[in-house]
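J.: Quick check, what structure comes out for this input:
(3 chains)
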Amino acid sequence: MSNFTDLVKKLEGLDTSKMYQNDFLLTWEKSDAEIAATFAVADALRDLRERNVSSKVFDSGLGISLFRDNSTRTRFSFASACNMLGLEVQDLDEGKSQIAHGETVRETANMISFMGDVIGIRDDMYIGKGNAYMREVAQAVQEGYDEGNLEQRPTLVNLQCDIDHPTQSMADMDHIIHQFGGVENLKGKKIAMTWAYSPSYGKPLSVPQGIIGLMSRFGMDVVLAHPEGYEVMPEVEAVAAKNAAATGGSFKKTNSMAEAFEGADIVYPKSWAPFAAMETRTDLYGKGDMDGINKLEKELLAQNANHKDWECTEKLMKTTNAGKALYMHCLPADITGVSCKEGEVEASVFDRYRVPMYKEAGFKPYIIAAMMFLAKMKDPAAALKALEARGQKRIFTY
Amino acid sequence: MSNFTDLVKKLEGLDTSKMYQNDFLLTWEKSDAEIAATFAVADALRDLRERNVSSKVFDSGLGISLFRDNSTRTRFSFASACNMLGLEVQDLDEGKSQIAHGETVRETANMISFMGDVIGIRDDMYIGKGNAYMREVAQAVQEGYDEGNLEQRPTLVNLQCDIDHPTQSMADMDHIIHQFGGVENLKGKKIAMTWAYSPSYGKPLSVPQGIIGLMSRFGMDVVLAHPEGYEVMPEVEAVAAKNAAATGGSFKKTNSMAEAFEGADIVYPKSWAPFAAMETRTDLYGKGDMDGINKLEKELLAQNANHKDWECTEKLMKTTNAGKALYMHCLPADITGVSCKEGEVEASVFDRYRVPMYKEAGFKPYIIAAMMFLAKMKDPAAALKALEARGQKRIFTY
Amino acid sequence: MSNFTDLVKKLEGLDTSKMYQNDFLLTWEKSDAEIAATFAVADALRDLRERNVSSKVFDSGLGISLFRDNSTRTRFSFASACNMLGLEVQDLDEGKSQIAHGETVRETANMISFMGDVIGIRDDMYIGKGNAYMREVAQAVQEGYDEGNLEQRPTLVNLQCDIDHPTQSMADMDHIIHQFGGVENLKGKKIAMTWAYSPSYGKPLSVPQGIIGLMSRFGMDVVLAHPEGYEVMPEVEAVAAKNAAATGGSFKKTNSMAEAFEGADIVYPKSWAPFAAMETRTDLYGKGDMDGINKLEKELLAQNANHKDWECTEKLMKTTNAGKALYMHCLPADITGVSCKEGEVEASVFDRYRVPMYKEAGFKPYIIAAMMFLAKMKDPAAALKALEARGQKRIFTY
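T.: The predicted structure is shown next:
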């Protein structure tokens, strides 16, 4: 699967024409061929790098990052992906900018994009806002390009929004594919996306939503487990159900962590906030009701505390398939006795899966780079072959 | 005009020898040939980029940015220009630095410049300070170069000071040239640089000053309009008058917005603070008199509020030449009913000119790059031809 | 000495095999050959640059900076070094990151290093912490590489810790070598590393420690002078004594600035905090005892004030060898009557040595680049020759 020639051949059979000059906002807007192509390109770029072959397809150009929330790994993954393809990162730090002084999204989007080949946005804090904002930016740069203001049409990459976290779920999926020796081996496998207790509140829903929205496409049995009251967005559940039906898999919901873990091949226990509470919070912020927000925060923490038994323990892990399910996490995790008193996962479980989890995270730069590559190269298979033939070394050899 | 060969030929006829290894601080320090060369190089770099030909003249090197005021578009324009020529941007963020701990300008200038090919400075807040600071830095790096501390002499680009905003006025002028089909079509055209009401206070004078200092060089009839008390620096008015006399144009002042708009071909309505008030503010800051500053701010806002009728309305626009004057703004604008209750311009006027204004802004990266290019390439025409011949692609082709 | 061919020939005779894929944390962990190789590569890279030959050995890749203290010159030196070799700087700004949210050093080190070729760390605030932190990061990335999480093993460069400041001391030494016409001319020369009065408190000990730990290796007579109570770490004094014994030089301590300056060939007067006080401060911070910290600060400032006579005056300079000792400082200095009322050095002394001090600082980017180069190029002499042969221009020629 990691053979460059095979990856390119596979890519040649996939229709990626609609990815060209397009954005990557939600995985379920992409066809199966497009999803498969993203994995193929990610793996091919990795293979080139491991052979010290440069994948710079830009001699110059900017990758603009717009983070509305703190981030380490996604920021570095985006920077790595840009660097790998030859783009220089320029952060739009809203603190340093004049955006607050009355600029519209449309104007800002145009003003930063004169040399912008890619815009990566992370905006995951408010339900109903993040993805909508990305679409506003996408429309603005499309218009800017159509009107001739912009010499190129920058590609948007969703680095996490209120609905989906496609660079995470795609990296996670690429990790699963490699762990299981190929996508063809996933039919009938059980994956449990489950809520887990955390002493912090308000964690985004984009990870569980991204996971059920994507993992339901490969014939797996996807189980979403959470305590009552921790529902995710119904639209995304509908996506998962539809996907499962189409691929011969299944999508089930349960309020029992034990049921979800029972016989699972993959477990993904992670905290998130209830969708309804996040909607309320968004409204409260809209009204500037800080008292209401503080009250809500206390309620949510109290609500969380009712579910401290939702922890990924060794005991639960034993109930998975042969006791050896692949444990996954987007990191950082709340580890019981390590990063908090009581958390999402027992320390011994976490430690045992540390190496695979770091590998899981390591797919993200390549996934982001693949999304950009497919948006910028009209014939990605030919481009990859030409890069290999060019043979430019990443590190000087002599 | 956008033909590469013609641009290079034009450039060959212009003496740019004094631009080599020199700074760009005030447009009126540059000869007509140097101004014309800057437009020619900007257009040629754009033409190369539009044909996917790389204009990287640096394989490595730093473009140092020093912003003493928040900025989106100038920051991105500078970053874009550096990237286009192959320089990596390194921000001198005074918050992150030790400058406050007793370093002199001379020392800092040397310490940051060991690999610095360009330094871009924005320092527009205090009358009598910004441009003076730039000259201090320029002298320091010149000495550092002469003494052998610096391997190269970094070029300074004024990204806005208290006196001029040359990257803005030059981008604006390049826009006008393109809109009117050539600089030769501007003789006798009327351009109105007029004050406009804004609910904020203390906007820099560098834009109106930059505009009258530059636009008066092309045989146009330049009118500066503002309410009494909103005078700009007398030295710059003198520059405008002298320029106009030398090129067969005119420079006039009026306290009537209507008079300025009457028959105008170009209008540039924009708020600014009174020069005298800015001088007072600088003194108050010098003394650390915060009460005085707050009092001044209130007075200035009250003074502004007396002139809410200075708004660019559809009615006023109808009085311009054929009712079709080119509306310009450096952005962001205070749009009535959009970004503020009452502002510089009616929303319908602003909207109608949105596309040309975005194009106007789009010239800035190329203008900045041209200023750098002319400071670094001894024979810029030959360098451009060699870049075209080199044919290095900006985006990989295969 | 600056002849490229000679430098490469010299390098060929030095064993640098252990520097390959290794870190640069303390100068006294490096062999004499490795120290000599670092100077040779630094000078060779400078020579290439002065001849407009690119030394980019990376086509892409990241140089990650992690500064836990403000910095101008070291930050720019690191950025310059990265740029010179082709790496793009990516700052790990802990304020912007999620590190506070329960991530371990091990996890963060892996998460930022997927495309990281170099990590530069400055962590000099707490005794017993900075260097230990660097070793924790080094171990983490080594494990990450061994486990296959990281495609390459990033090299760590110590940009200043609690024990040593190797990029400073090595740049200082390269300056001395150039000033004295070669390392072979240093035998028997006297260098005085002396404390000097400053109105600020808590300056790091890494500079005096770095200087005595390195300068004692070249047969010089190294004198460490400070008032009683301003002792440095005993372990580093032991290193200096051992080095001196091995190279036929000497290492002496005195509580008299006059004695140290007497007949000195090089003087390095600079303020620092007492080691014992810094240990106490670290403990107080550990306990969160802010009252204790404030009290300690007052005590330290009072203690400093007892030693205002520790100033580098013209009178003292006259007592040095022929009155012409080389004055050195890592900058910024506390200059009497300039940056403070009473400080480390008289203004006229400082001014006289300004140019050599700026040259001194100018070695740092090349020293850092050399450290990286030696960690990344298995045969550095061959690599340098190949770079010269490649002949890629840093600035476009036509």
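
J.: of all the residues in the stretch 201-350 of chain A, which ones are close to chain C?
T.: Within the stretch 201-350 of chain A, the positions near chain C by C-beta under 8 Å from any C-beta of the partner chain are A:331-335, A:338-340. C-beta here means a position set from N, CA and C on the backbone, and glycine is covered the same way.

J.: Flag whichever of the residues you listed scores worst on pLDDT.
T.: pLDDT across these is lowest for A:Ser339, at 88.

J.: thought that one was touching A:Leu331?
T.: No - at 11.0 Å, A:Ser339 does not count as touching A:Leu331 under the criterion of C-beta atoms under 8 Å.

J.: ok so, going back, for the residues of the stretch 201-350 of chain A next to chain C, give me JSON lines that also has secondary structure.
T.: Putting these into JSON lines (DSSP: H, G, I helix; E, B strand; the rest coil) gives the following:
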{"residue": "A:Leu331", "secondary structure": "coil"}
{"residue": "A:Pro332", "secondary structure": "coil"}
{"residue": "A:Ala333", "secondary structure": "coil"}
{"residue": "A:Asp334", "secondary structure": "coil"}
{"residue": "A:Ile335", "secondary structure": "strand"}
{"residue": "A:Val338", "secondary structure": "coil"}
{"residue": "A:Ser339", "secondary structure": "coil"}
{"residue": "A:Cys340", "secondary structure": "strand"}
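
J.: Among these, find the one with the greatest number of neighbours, please.
T.: Highest neighbour count within these: A:Ala333, with 27 neighbours (other C-beta atoms under 10 Å in any protein chain shown).

J.: Phi first, then psi, for it.
T.: For A:Ala333, the backbone dihedrals (degrees, to the nearest 10) come out as phi -100, psi 160.

J.: packing partners for whichever strand or helix holds A:Glu235?
T.: According to DSSP states H and E, A:Glu235 maps onto helix A:234-247. Applying 3 or more C-beta pairs under 8 Å, 6 or more residues apart in numbering or on different chains; DSSP states H and E, one finds that helix A:234-247 makes contact with helix A:206-215, strand A:221-225, strand A:250-254.

J.: okay, the angle between that helix and strand A:221-225?
T.: Helix A:234-247 runs at 160 degrees relative to strand A:221-225, counting by axes from the mean of the first three to the mean of the last three C-alpha atoms, to 10 degrees.

J.: what's the spacing between helix A:234-247 and its chain's center?
T.: 18 Å (C-alpha atoms, centre = their mean, to the nearest Å).

J.: Check the residues of the stretch 201-350 of chain A next to chain C against chain C and report the nearest one.
T.: Proximity of these to chain C was ranked by C-beta to the nearest C-beta; the top entry is A:Ser339 with 3.2 Å.

J.: Return the distance of the closest one relative to A:Ser198.
T.: 10 Å (C-beta to C-beta, to the nearest Å).

J.: what's the answer for A:Val338, then?
T.: Applying C-beta to C-beta, the value for A:Val338 to A:Ser198 is 13 Å.

J.: Likewise for A:His175?
T.: Counting by C-beta to C-beta, the gap between A:His175 and A:Ser198 amounts to 22 Å.

J.: picking up where we left off before, just the helices and strands packed on helix A:234-247: most buried one?
T.: Sort the helices and strands packed on helix A:234-247 by mean neighbour count, taking mean count of other C-beta atoms under 10 Å in any protein chain shown, and helix A:206-215 sits at the top with a mean of 27.

J.: about what we covered before: ok, A:His175 and A:Ser198, which is more surrounded?
T.: A direct count of neighbours by other C-beta under 10 Å for A:His175 and A:Ser198 places A:Ser198 higher, at 26 against 22.

J.: list the contacts for the more buried one?
T.: By C-beta atoms under 8 Å, 6 or more residues apart in numbering or on different chains, A:Ser198 lies in contact with A:271, A:304, A:334, A:340, A:343-344.

J.: For the closest residue in space to it that isn't next to it in sequence, give me its contacts.
T.: Setting aside the residues directly before and after it, A:Ser198 is nearest to A:Ser271 in space (C-beta to C-beta, 6 or more residues apart in numbering or on different chains), at 3.5 Å. Contacts for A:Ser271 were tallied using C-beta under 8 Å, 6+ apart; they are A:195-198, A:200, A:203, A:304, A:334, A:344.

J.: Show the model's pLDDT score for A:Ser271.
T.: 97.

J.: returning to what we had before: buried only: go through the contacts of A:Ser271 for me.
T.: The neighbour-count criterion (16 or more other C-beta atoms under 10 Å in any protein chain shown) marks A:195-198, A:203, A:304, A:334, A:344 among those as buried.

J.: Strands of the stretch 151-300 of chain A, residue ranges please.
T.: For the stretch 151-300 of chain A, applying DSSP state E, counting those that start in this stretch gives strands covering A:155-161, A:190-195, A:221-225, A:250-254, A:266-270.

J.: Just send these back as a markdown table, with distance to chain B too.
T.: Shown next, in a markdown table, are the strands of the stretch 151-300 of chain A (distance: least, C-beta to the nearest C-beta, whole Å):
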| stretch | distance to chain B |
| --- | --- |
| strand A:155-161 | 12 |
| strand A:190-195 | 37 |
| strand A:221-225 | 38 |
| strand A:250-254 | 41 |
| strand A:266-270 | 34 |
